[in-house]
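J.: A predicted structure for the sequence below; I have some questions about it.
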Amino acid sequence: MTSLDKPNSHEADPHTGPGTDPAADQAAVTQAALFDAFGGIRGTVETMLPGLLFVMIYTINKDVKLSAIAAGAVAVLLVIVRLLRKDTVKHAFSGVFGVGVGVAFALFTGSPKGFYLPGMIYGAGLGVAFTLSALVGFPLLGVILGPVFKENLSWRTRNPGRKKAYIKASLAWGLIFLAKYAILFPLYWWGDATQLGWVLVALKLPPMVLAVYFTWVFLAKAPPPIDVIAEWEAEERAEKERAAAVAATTTDGSGPRHRR
């Protein structure tokens, strides 16, 4: 269980929240939300495994078809395992889609580099999107994480400190992604396919970890999110209570009167 699931009951205070340190509580909430949003350790392993299998098989036998089919098969297997365990499949499905496109490119072109190209284009596109969104003041990370924190887009107009944190985090993601693909694309054009594959595997996790770390640092220090879902629910309850009060008043005023 995370600190969100199991707060320290001996430190709980009905006026201050689950703990005595608001900053620590905010950091814990941010950590748990990021862990959920990006799939955690298992999601990361599932994302890396098909690509690792592809480059391992290709390094051994130089068979593009076998490598691509094996990578696609393990991606599908990971989704099936999640379905059988009734786990969330959002990260697994996104992974199998990306692997499927890479497999199709590799089989169609007959080149091992074709397996990597769609993911590289997608990643570079994300780097550009994160950077531009931060520069125009509509950070993409806020759009992605807003629903996770139940704040949706309230940070845009109601929480300027949080918007600033999202801008910084989105810029960090953008620059990290662009730096990563500034290394990979020259390898794609002029390097060996095997070298490209292993460099891709090596650069799969560290940039992601660095980007998530910066996101955690910026958001943990930002103002807490505004729970717009709770606000909507409170408004609905208040509206129902008002409607019930009006109905009760109407019934009392129009009911039968006893004659003296």
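T.: Looks like it arrived, so ask away.
J.: what's the neighbour count on Gln195?
T.: For Gln195, the neighbour count with other Cβ atoms under 10 Å is 12. Yep, even glycine has a C-beta here, placed from its N, CA and C like the rest.
J.: and the closest residue to it other than its chain neighbours, what does it touch?
T.: Nearest residue to Gln195 in three dimensions, chain neighbours excluded: Leu187, at 6.5 Å (Cβ to Cβ, 6 or more residues apart in numbering). Leu187 sits next to 195-196, 199 when contact means Cβ atoms under 8 Å, 6 or more residues apart in numbering.
J.: the closest residue in space to Leu203 that isn't next to it in sequence: what's it in contact with?
T.: Residue nearest to Leu203 in three dimensions, not counting chain neighbours: Lys180, with 5.6 Å by Cβ to Cβ, 6+ apart. Going by Cβ under 8 Å, 6+ apart, Lys180 touches 123, 127, 203, 207.
J.: select only the buried ones of those in PyMOL?
T.: Of the contacts of Lys180, the buried ones go into a single PyMOL selection, burial set by 16 or more other Cβ atoms under 10 Å:
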select buried, resi 123+127+203+207
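J.: closest one to Leu175 out of the contacts of Lys180, please.
T.: Closest to Leu175 out of the contacts of Lys180 is Gly127 (7.7 Å), distances taken as Cβ to Cβ.
J.: that closest one sits in which helix or strand?
T.: For Gly127, the enclosing helix or strand under DSSP states H and E is helix 113-135.
J.: who does the following helix or strand past that helix touch, helix- and strand-wise?
T.: Remark: after helix 113-135, the chain's next helix or strand is helix 140-145, criterion DSSP H and E. Counting contacts by 3 or more Cβ pairs under 8 Å, 6 or more residues apart in numbering; DSSP states H and E, helix 140-145 packs against helix 22-37, helix 113-135, helix 160-190, helix 206-220.
J.: tell me the mean pLDDT over the third one?
T.: Along helix 160-190, the predicted local confidence has a mean pLDDT of 96.
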